[in-house]
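Student: Need a 3D model of the following:
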Amino acid sequence: MSSFALPRFTATNLRQTQALAAVSKNSTLSPKFLGGLTEDRFEKSTPKASLLRFGTYEWGDEKEIVQISRGLAGVKADYTAISNVMPSGDSLVYRGYDIRDLMQGSFEETAHLLIKGTLPTETELAKFDSELKGFREAFPETIDILKTTAKYANLNASPMDMLRLAVTALGLQMNANSLMKNDSPELEQNKALNLTAIMPTLVAANYRISQNLEPLEPKPELSHAENFLYMLKGKVPDPEVAKIFDKTLTAYADHGFNASTTAVRVTASTQSDMFAAIASGIGTLKGPLHGGANEKVMHMFLDIDASGTTVESYIKELLNQKKAIPGFGHKEYDTKNGDPRARVLLEMADEVAKRTGNGKWNDMAKEAMRVMDEFSTAKNEAYREAGKPEKYLPPNVDFPIAYIFHMLDIPLEVYTPIFAMARTAGWTAHVVELHGDNVLYRPKAEYTGPEQLDYTPLAERGKEPSLIDKISSLKVSSLF
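Tutor: Numbering: from 1, shown residues only. Next up, the predicted model:
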């Protein structure tokens, strides 16, 4: 039996270990492991798929080499001019502009930059803002669909399911208009404006319906952020508080080829319409590995507050159990400075605490950061002594946003829909970009299942073979 070789394994996180193994044609690996692992930790024969879980692998013999990167980790699948995540520089840029600079302006400016490609002048921004406001109102039929569905689900439907339904219903109504079937760049941008503008209306309507409240009509005199907070709570917000909320939307507007953006681009690459693509992105946020990070942070603080324990003891208990601490660390930012969006928002949290008089959560957050900083410092001292590279767990963007939202009295169940609401500007920009130079996303897979199995007719499956069949299946050599 010939075998394949595993010449190289590139580890990209702590859960990966360098391994060298012989791979046979029946898709199994002999347990020849390096990196401190011993054979008794593994079965004598390990399915190939179990070692393809993390990192990049190359399997090959004299005929072929197959490189596998599960989950497309580290794979550059396409070009984009929309955003760039630069971990080494602790930086995120939208179309060349640093996120920290963009957060000094308004979300409307950032949306113009993402969708239309440039930072607007005052005249351009006024026109863009007027266009956004013109697209805010939802079809009455869309609201009726949401009400009917919420009633059917006893007002207990998932917020992300409801938001996905709303976008699908909107797409159904818009695509029924023959004028919307023109996929010109100008119309694509109009669809992007439409979705970016109407998403706050849909998010707020879904929440109010879930609370047995009537959805509110948008107010054209309010900004994008102000209008959402009004439609959500029924009260025009403090302008300064709204400006801080506005900056969270800019922080969430885009972030490279993450799971939801990739899903959006995969759907768009089939030349499906923009509404279907955005619905795909919303669907990914229902999964806890991509959506809900800000909710987990706030759940942690609420648990600490309800239990009466201290922040320090709560977090240390999680660390002792080797559990992840919500809101700390990021796959893209692993240096000491961490997520650039978080650094800006952490400073703003102090202002929110002062304006709302709800500083308890801000104090808890600072204590959590102190505990995590001491933990990282102690760990890195041990790493340096062992000659290992230092690792850091600074706060990510979801950490300050979680308690900023709570101090602003934003309901927990709206946290992830707000993420989708803000990210729609980025998602739609990706659809416009891809449709301008389309390519179908069609990756390949490395098959690890059985091969050349004999087909048994349905009537014969599960039956014991007859004596004649058993004899006939024996090799001639075994009879003598």
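Student: C-alpha from now on. contacts and neighbour counts both.
Tutor: Noted.
Student: tell me the phi and psi of residue 91?
Tutor: Note on residue 91: its backbone torsions stand at phi -130, psi 150 [degrees, to the nearest 10].
Student: How about residue 335, nearest residue that isn't a chain neighbour?
Tutor: residue 392 (5.8 Å; Cα to Cα, 6 or more residues apart in numbering).
Student: Look up phi and psi at the one you found.
Tutor: phi -130, psi 150.
Student: Check residue 395 too.
Tutor: phi -60, psi 140.
Student: For the closest residue to it other than its chain neighbours, give me its contacts.
Tutor: Closest residue to residue 395 apart from its sequence neighbours, by Cα to Cα, 6+ apart: residue 328 at 4.3 Å. Contacts for residue 328 (Cα atoms under 8 Å, 6 or more residues apart in numbering) come out as 393, 394, 395, 396, 399.
Student: Measure how buried the fourth one is and give me the count.
Tutor: So that's residue 396. For residue 396, the neighbour count with other Cα atoms under 10 Å is 26.
Student: now the first one
Tutor: Around residue 393 there are 22 other residues, counting by other Cα under 10 Å.
Student: gap between it and residue 342?
Tutor: 12 Å (Cα to Cα, to the nearest Å).
Student: what about the stretch 151-300 of the chain, any weak spots by pLDDT?
Tutor: 178-182 (pLDDT under 70).
Student: residue ranges for the helices of it, please.
Tutor: Shown for the stretch 151-300 of the chain, the helices assigned by DSSP state H, counting those that start in this stretch span residues 159-175, 185-210, 224-233, 239-252, 259-269, 274-285, 293-307.
Student: Quick one: those helices as CSV, columns for distance to residue 361 too.
Tutor: Converted to CSV, these look like this (distance: least, Cα to Cα, whole Å):
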stretch, distance to residue 361
helix 159-175, 25
helix 185-210, 24
helix 224-233, 20
helix 239-252, 16
helix 259-269, 30
helix 274-285, 25
helix 293-307, 8
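Student: Adding distance to residue 84 and mean neighbour count, write these out as JSON lines.
Tutor: Listed next are these as JSON lines, based on distance: least, Cα to Cα, whole Å; neighbours: other Cα atoms under 10 Å:
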{"stretch": "helix 159-175", "distance to residue 84": "27", "mean neighbour count": "19"}
{"stretch": "helix 185-210", "distance to residue 84": "20", "mean neighbour count": "23"}
{"stretch": "helix 224-233", "distance to residue 84": "25", "mean neighbour count": "23"}
{"stretch": "helix 239-252", "distance to residue 84": "13", "mean neighbour count": "21"}
{"stretch": "helix 259-269", "distance to residue 84": "13", "mean neighbour count": "23"}
{"stretch": "helix 274-285", "distance to residue 84": "19", "mean neighbour count": "24"}
{"stretch": "helix 293-307", "distance to residue 84": "21", "mean neighbour count": "18"}
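Student: Which one of those helices lies nearest to residue 134?
Tutor: Closest to residue 134 of these is helix 185-210 (Cα to Cα; 8.2 Å).
Student: list the helices and strands that closest one packs on?
Tutor: Applying 3 or more Cα pairs under 8 Å, 6 or more residues apart in numbering; DSSP states H and E, one finds that helix 185-210 contacts helix 107-116, helix 122-134, helix 140-152, helix 159-175, helix 224-233, helix 274-285, helix 415-436.
Student: how about a markdown table for those, with distance to residue 253 added?
Tutor: Formatted as a markdown table, the helices and strands packed on helix 185-210 follow (distance: least, Cα to Cα, whole Å):
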| stretch | distance to residue 253 |
| --- | --- |
| helix 107-116 | 8 |
| helix 122-134 | 16 |
| helix 140-152 | 25 |
| helix 159-175 | 17 |
| helix 224-233 | 13 |
| helix 274-285 | 13 |
| helix 415-436 | 4 |
